[in-house]
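Chemist: Here's my sequence, what's the structure:
(one chain, ligands or ions: 3)
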Amino acid sequence: PKKQQTSTPSSKSYLSTLSYPSTSTPILKQTPFQQPSQLISFSYTPEYVLEFTDSALRYFVDPPVGAKLDYGYERWVRKPDERGRLDGLLKAISHIRKDPMRAPNLPEIGLVSWRGVMTKMLAAPYEEREGWDLNVMFVNGTLYLEEHLTEARLKEKNDMEPRQRRQSYFGYAFESYCTSETPTRQNGPPSSGAPFGWGGDVNTNVQWCSVVRTKLGDTRMVIGGEVDCIRGRYTGKTDSFVELKTSLVIRGPHDEGRFEKKLLKFYLQSFLLGVPEILVGFRTPAGVVTTTQTFKTIHLPRLVRGKPDAWDPLICLDWGHRFLTFLRKVVQAGDDVSSSSVWRVRFVPSSGVSVELLSGQPDIDEVVNGEERVGFLPRWYWEEVAA
Ligand code: A3P
Ligand code: MG
Ligand code: MG
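Modeler: Ligands and ions are numbered 1, 2, ... in the order given. As a prediction, this is how the structure comes out:
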């Protein structure tokens, strides 16, 4: 990748760019991806306090036929949208390092990020509409990636249109119908006016998260993400994880194409944490579940192969590998680079990515947000890892 100087030659800000691959050129050499294995799990309580327990773990139960997803909307306890900080994940990594039983499982880490960031990064060659940005730090051999949300974007997310907000609720209501706090019990019988099968009112603070180690090409990664529920008994392995999704019922070829496109995100999201099963509830526009269908994550690529809206995960993995190689090169170059430097990566739909060192203070302020941070990392964590 060539380095170009930006418009102000006096500044030390360089812009490096990398273009997306053509999505129609087949991949000859596969980038290996290691089966993820869980290092630790943690829960967020109803008050959004992180604890190293499985209190938020939920078990899969079959949802009732005709489940109404608008139930309980008024009682939704909604976690406000916030910056995509890595704090929870960093607490978990620090916790593992201090635990003599777990520490040996922790690899030399090449990259730390949330699963949602990695999903977007890998899906980028197929993204035609939405651009997005990352903040990146490189500390003692490890890349840290967080999504960068501007104040404006954050406000936009929190002021979601009522219609959109309701639709987003449908997804959580489906989770309530599909999960139980105990492995065997079916939800119900109905209490206090709740419909049959209702699993309890929605509080989106409550999340059960799994932290896994895996490897893409030569990059060892530690990735954290929410897991919706598990099937059967909890063994501490990812092979019982289930991802829940809702989607509009498919009424024709147009809907089918849209659904197949969406499957790329479902696939990557699940694949990255080693989630083997995705259960989709098909709903009407008004939020009534008409059917459910389960998909084996590993079978999704061949389900879409040859279709008009097909995607190929090998293109995504190859891209991911090239992007990380490029990023590592960029963040190691330059004399004014230190373990507190922050880079901004910009993904532009149908085009590619650019990386730039943030040296201007205004941008950094946006990142720091008045907390005890070095770059965007909590200071306590940075001090643990910076050499
Ligand atoms: P659906 O995916 O069924 O629509 P996840 O599926 O990743 O576990 O997320 C659970 C739910 O959160 C989603 O359910 C959706 O309702 C909501 N959600 C996730 N990402 C969202 C986004 N970017 N914007 C709005 N809602 C989102
Ligand atoms: Mg989820
Ligand atoms: Mg889900």
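Chemist: Do a quick rundown of the helices in the stretch 51-200 of the chain.
Modeler: 87-97, 115-123, 151-158, 162-178 (DSSP state H, counting those that start in this stretch).
Chemist: Can you tell me which of the ones you listed is most buried?
Modeler: Burial of those is given as mean neighbour count (mean count of other CB atoms under 10 Å); helix 115-123 ranks first at a mean of 22. Where you see a C-beta, it was placed from the backbone N, CA and C, and this is true even at glycine.
Chemist: Wondering if that helix reaches ligand 2 at all.
Modeler: No. Contact of helix 115-123 with ligand 2 (CB under 5 Å from the ion) is absent, the minimum separation being 9.7 Å.
Chemist: Quick one: list the elements packing against that helix.
Modeler: strand 132-139, strand 142-148, strand 219-226, helix 253-273, helix 313-332 (3 or more CB pairs under 8 Å, 6 or more residues apart in numbering; DSSP states H and E).
Chemist: quick check, stretch 230-239 touching ligand 3?
Modeler: No. Shown here: stretch 230-239 not in contact with ligand 3 (CB under 5 Å from the ion), separated by at least 13.0 Å.
Chemist: buried residues in that stretch?
Modeler: For stretch 230-239, burial by neighbour count (16 or more other CB atoms under 10 Å) applies to 230, 231, 238.
Chemist: For the last one, give me its contacts.
Modeler: Meaning residue 238. 36, 37, 38, 210, 212, 273, 274, 275, 276 (CB atoms under 8 Å, 6 or more residues apart in numbering).
Chemist: Could you do residue 210 as well?
Modeler: 38, 41, 224, 225, 227, 238, 241, 273.
Chemist: and if we set it to 10 Å?
Modeler: Residue 210 makes contact with 36, 38-42, 57, 92, 115, 223-227, 230, 236-238, 241, 273-275, according to CB atoms under 10 Å, 6 or more residues apart in numbering.
Chemist: Got a ChimeraX select line for the buried ones in those?
Modeler: Typed into ChimeraX, the line below selects the buried ones among those, using 16+ other CB under 10 Å:
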select :36,38,39,40,41,42,57,92,115,223,224,225,226,227,230,238,241,273,274,275
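Chemist: As CSV, the helices and strands packed on helix 115-123 with mean pLDDT and distance to ligand 1 would be great.
Modeler: As requested, these are exported to CSV (pLDDT from 0 to 100; distance: least, CB to the nearest ligand atom, whole Å):
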stretch, mean pLDDT, distance to ligand 1
strand 132-139, 96, 11
strand 142-148, 97, 11
strand 219-226, 98, 6
helix 253-273, 97, 6
helix 313-332, 97, 18
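Chemist: on that earlier part again, any idea which of the helices of the stretch 51-200 of the chain scores lowest on pLDDT?
Modeler: Among the helices of the stretch 51-200 of the chain, helix 151-158 has the lowest mean pLDDT, at a mean of 90.
Chemist: how about the closest residue to residue 127 other than its chain neighbours, what does it touch?
Modeler: Distances taken as CB to CB, 6 or more residues apart in numbering place residue 349 nearest to residue 127, at 5.3 Å, with adjacent residues excluded. Contact analysis of residue 349 by CB under 10 Å, 6+ apart lists 20, 124, 126, 127, 128, 129, 130, 131, 132.
Chemist: Tell me the residues of the chain that contact ligand 2?
Modeler: Counting by CB under 5 Å from the ion, the chain sits next to ligand 2 at 226, 228.
Chemist: Under the pLDDT cut-off, which ranges of the chain? List them.
Modeler: 1-13, 185-191, 360-371 (pLDDT under 70).
Chemist: Smallest gap between the stretch 101-250 of the chain and ligand 1, at which residue?
Modeler: Among the residues of the stretch 101-250 of the chain, residue 171 lies closest to ligand 1, at 2.0 Å counting by CB to the nearest ligand atom.
Chemist: That'll do, ta.
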